[in-house]
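> below are the sequence and a predicted model; questions follow.
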Amino acid sequence: MTPQSLLDHQDQGRLWAAPLSTDAGFGLDAAYARQLEVRQLRMARGEQPRGFKVGFTNRNIWPRYNVFAPIWGSVWDTTLTYCEGEGTVSLARTCQPRLEPETVFGMNATPAPGATLEQLFDAIDWVAPGFEVVQSHLPDWKFLPADTVADGALHARLLVGRRTPVRALADHALKLDALLASAQVALQKNGETMERGQGANVLDSPLRALLDFLNTLRTCPGAPDLRAGDVVTTGTWTDAWPVQPGEQWSAHFTPPLNRLTVRFTD
């Protein structure tokens, strides 16, 4: 599919006719190049990039999806919503949407070249709980890694909860690293607990997932760097759960993150 046809499927919530990975030459490098072409189309029509999503950082779910390494994609002004603990998200024109509880970082600077964990910490402005709505344009979520990358890294929506200045949580990187790694979450649907997870599921901690993403981003030809004002959501603490309009979901995080609730509409 061309970049325009990929964008059309995203706009309309339509399934692809076939995986792009059926072409033996379509690997991850080609998939990221295609994703960046779609990014340019979105910018050309007026959408503004607001940061990045990182996916498949939870090693526990790799075998379920046949993806065994993280991926990344763009977050947009049209897909990003902020709230103070309770928000509403429309599922209109999404495709087989699923929900993921995550940690979101807001950047205050571009991290230094070859940044250490401490230098990355210095470039962070705030930390927040988040719900990412992910989607797949292939039936039954059956794909290969290159398909997921070309499919916008499966990003559909991002709801960011209450943002806490990073220095209010920790005064150095290793403290924040430990706090987030040990934090837990109970994911509830209409008041019923569906699954529990913890920060350590995400490449040992969300902060380390952020550093891994930064290093990966900087090796991708043509990819933009992280910059002040960007948000980065770092991957799910649980499996991704199917969602429908009319449902209410809550993520009950332990400190240092706050509870987050979302109501889904058409």
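Right, received. Where do you want to start? Numbers count the residues shown, from 1 in each chain.

> ends of stretch 87-105, how far apart?
With Cα to Cα, to the nearest Å as the measure, stretch 87-105 spans 18 Å from end to end.

> so for that stretch, what's the average pLDDT?
Average pLDDT, stretch 87-105: 98.

> so how far is that stretch off the chain centroid?
10 Å (Cα atoms, centre = their mean, to the nearest Å).

> what comes up buried for that stretch?
Counting neighbours by 16 or more other Cβ atoms under 10 Å, one finds that the buried residues in stretch 87-105 are 87, 89, 91, 94-105. Yep, even glycine has a C-beta here, placed from its N, CA and C like the rest.

> for R162, which non-adjacent residue is closest in space?
N258 (4.7 Å; Cβ to Cβ, 6 or more residues apart in numbering).

> so the one you found sits right up against G161, yeah?
Yes. If you go by Cβ atoms under 8 Å, N258 and G161 touch, sitting 5.9 Å apart.

> identify the contacts common to the two.
Taking Cβ atoms under 8 Å, 6 or more residues apart in numbering as the criterion, N258 and G161 both touch 85, 128-129.

> returning to what we had before: F56: which of the buried residues of stretch 87-105 is nearest?
E100 (10.6 Å; Cβ to Cβ).

> following the chain onward from the helix or strand hosting that closest one, which element is next?
E100 belongs to strand 98-107 when assigned by DSSP states H and E. For strand 98-107, the following helix or strand on the C-terminal side (DSSP H and E) is helix 117-122.

> T265 bridge partners, please.
S90 (DSSP bridges).

> report the contact partners of it.
Residues in contact with T265 (Cβ under 8 Å, 6+ apart) are 88-92, 245-246.

> report pLDDT for E84.
At E84, the model reports a pLDDT of 97.

> over to A109?
A109 is given a pLDDT of 98.

> also G197?
Listed pLDDT for G197 reads 98.

> please apply the same query to A24.
pLDDT, A24: 89.

> and the gap between R263 and L15?
Going from R263 to L15 by Cβ to Cβ, to the nearest Å gives 26 Å.

> element containing D11?
Per DSSP H and E: helix 3-12 holds D11.

> compute the number of surrounding residues for the nearest residue to W76 once chain neighbours are set aside.
Once flanking residues are discounted, W76 sits nearest to E47: 5.0 Å by Cβ to Cβ, 6+ apart. The number of residues packed near E47 is 15, by other Cβ atoms under 10 Å.

> wouldn't E47 be in contact with S74 here?
No. With contacts counted by Cβ under 8 Å, E47 stays clear of S74, the gap being 9.2 Å.

> would you map the helices across the stretch 151-266 of the chain?
166-169, 173-182, 206-217 (DSSP state H, counting those that start in this stretch).

> for P3, give its distance to T94.
From P3 to T94 the distance is 20 Å (Cβ to Cβ).

> also E84?
Counting by Cβ to Cβ - E84 and T94 are separated by 24 Å.

> for A18, same thing?
20 Å.

> L260 too?
In terms of Cβ to Cβ, L260 sits 19 Å off from T94.

> just the closest of the contacts of T265 to A173, please.
Nearest to A173, judged by Cβ to Cβ, of the contacts of T265 is V89 at 31.6 Å.

> wait, that closest one touches L260, no?
No. Contact between V89 and L260 fails when scored by Cβ under 8 Å: they sit 11.3 Å apart.

> quick check: which element contains the residue nearest the centre of the chain?
Nearest to the mean C-alpha position of the chain, counting by Cα atoms, centre = their mean, stands K53 at 3.2 Å. If you go by DSSP H and E, K53 is part of strand 49-55.

> next, the angle from that strand to strand 98-107.
130 degrees (axes from the mean of the first three to the mean of the last three Cα atoms, to 10 degrees).

> and the contacts of strand 49-55?
39, 42-43, 70-77, 80, 107, 132, 134, 148, 153-155, 158, 209-210, 213, 217, 224, 226, 229-236.

> who are the neighbours in contact with T148?
By Cβ under 8 Å, 6+ apart, T148 lies in contact with 31, 55-56, 67, 71, 136, 154.

> could you dump the one helix or strand it maps to to CSV, C-alpha only?
If you go by DSSP H and E, T148 is part of helix 145-150. C-alpha atoms of helix 145-150 as CSV (Å, rounded to 0.1, in the frame of the first residue of the first chain):
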residue,chain,number,x,y,z
PRO,A,145,6.5,-6.6,13.4
ALA,A,146,6.9,-4.7,10.1
ASP,A,147,3.1,-4.5,9.7
THR,A,148,2.7,-2.9,13.2
VAL,A,149,5.3,-0.2,12.4
ALA,A,150,3.7,0.7,9.1
